[in-house]
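J.: turn this into a structure:
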Amino acid sequence: MEESQARELQWLLTELRATLQALKAGFEECAALLAPSESGSTLVLSSLRSESLKGLVTRVGTRIIKGHVKLRLASLPPPRGATSVELAISSAPHAPTLTIPALTVVRTAINTCLDIIDVTAWTGDATDANFVAGQLRLLYDHIQEARQALKGHSGTQPPWWDCPLDEHIFDPPLPPNVSFHLSIADAALLLEIRTLEVQGAAGDDSYTGFSLRDRLAVALGGSRPPSHDEADRVFRFRDQEVRVKEKIRVESQDPALISAMAKLNALEHNLLLSRKALHIVMGREEQFE
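T.: Okay, here's the model as predicted:
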């Protein structure tokens with residue numbers, strides 16, 4: 001390596017120490033946005049142009065600690081004397097915890113980023129360009145993981161049929177024919193409610209996914225069951241083959257998650273510039289990914 005290039009590399013590695021500390025401050029801000037707070041974030045859940053779903057939930061960190069939802073669905077008749085089915089998160093001390101897996105992924109990835117910066121600055125050799133380049137790549141990978149989880153990529157959160165909630169999270173317990181699934185999509189809280197029907201013997205169900213009883217009701221003048229994107233599919237849920245009779249999807253914007261996503265986008269951009277600069281000075285621009 002030429003002497004001038006070596007001096008430029010030494011200067012850049014010194015500058016990167018300050019860059020890493022600035023990145024650390026940004027990650028700490030993201031961690032604070034996702035950390036449990038005393039009041040939490042209370043989010044409104046409301047279906048558009050209908051009274052199918054109305055409710056509120058309170059998020060504290062990665063958990064939902066309070067929630068009350070009213071459902072008015074054709075496939076879920078309310079109790080006698082009521083106008084809706086009510087689902088409430090149990091406040092009992094022994095009740096299971098409702099955790100959002102994607103937010104656990106985000107928090108873990110951000111904490112890992114903080115650890116990587118500390119290792120780079122205090123444990124490893126910050127004057128070794130190869131070491132620093134490797135650490136920056138590792139840091140970039142974990143930022144990507146956090147961003148993908150906040151975007152709602154399928155690899156960061158299990159599908160609804162693979163992770164049925166413990167019915168005792170709710171008081172009274174969740175009806176056995178109802179799936180309650182919370183996830184993250186584009187930094188918003190996404191609630192999907194499904195009413196389910198156990199798949200019967202051969203001949204009892206058509207390829208459309210509606211039972212013989214439903215088809216007869218339509219033929220006799222009843223209302224047609226609502227269509228949705230899962231109507232033709234069969235799922236394995238709680239060790240049974242089921243079809244989705246009715247599905248409703250509601251998003252609630254979460255200001256803290258939106259802010260965290262914006263900060264992660266900025267951190268990723270700054271880190272990308274630093275990585276590219278280091279590769280250029282090292283003469284490895286063609287290897288940059």
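
J.: make it CA atoms for all contacts and neighbour counts henceforth
T.: Noted.

J.: residues in contact with stretch 86-104?
T.: 34, 61-71, 149-150, 152, 156-158, 165-166, 168-172, 174, 182-184 (C-alpha atoms under 8 Å, 6 or more residues apart in numbering).

J.: and it, end to end?
T.: Length of stretch 86-104, first residue to last, C-alpha to C-alpha, to the nearest Å: 28 Å.

J.: any low-confidence regions in the stretch 101-250 of the chain?
T.: Applying pLDDT under 70 to the stretch 101-250 of the chain flags residues 201-226.

J.: let's go with 50 and repeat that
T.: Counting by pLDDT under 50, the stretch 101-250 of the chain has low-confidence residues at 201-210.

J.: show me what stretch 31-42 is in contact with.
T.: Contacts of stretch 31-42 (C-alpha under 8 Å, 6+ apart): 56-62, 103, 107, 110-111, 254, 256-257, 259-260.

J.: quick one: pLDDT of the closest residue to Val281 other than its chain neighbours?
T.: Nearest residue to Val281 in three dimensions, chain neighbours excluded: Leu9, at 6.0 Å (C-alpha to C-alpha, 6 or more residues apart in numbering). Leu9 carries a pLDDT value of 91.

J.: Ser50 now?
T.: 86.

J.: equivalent analysis for Glu2, please.
T.: Taking Glu2 on its own, its pLDDT is 75.

J.: what's near enough to touch it?
T.: Here Glu2 is in contact with no residues (criterion: C-alpha under 8 Å, 6+ apart).

J.: about what we covered before: could you flag which of the contacts of stretch 31-42 are buried?
T.: The neighbour-count criterion (16 or more other C-alpha atoms under 10 Å) marks 56-62, 103, 107, 110, 254, 256-257, 260 among the contacts of stretch 31-42 as buried.

J.: just give me the closest of those residues to Arg233.
T.: Of all the buried ones among the contacts of stretch 31-42, Leu103 has the smallest distance to Arg233: 28.3 Å, by C-alpha to C-alpha.

J.: Ile110 versus the closest one, what's the distance?
T.: From Leu103 across to Ile110, the span is 11 Å (C-alpha to C-alpha).

J.: now for Leu56: which residues touch it?
T.: By C-alpha under 8 Å, 6+ apart, the neighbours of Leu56 are 42-45, 67-69.

J.: switch the residues you listed over to a markdown table; also include distance to Trp122 and secondary structure.
T.: Listed next are those as a markdown table, based on distance: C-alpha to C-alpha, whole Å; DSSP: H, G, I helix; E, B strand; the rest coil:
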| residue | distance to Trp122 | secondary structure |
| --- | --- | --- |
| Thr42 | 40 | strand |
| Leu43 | 41 | strand |
| Val44 | 44 | strand |
| Leu45 | 46 | strand |
| Gly67 | 44 | strand |
| His68 | 48 | strand |
| Val69 | 49 | strand |
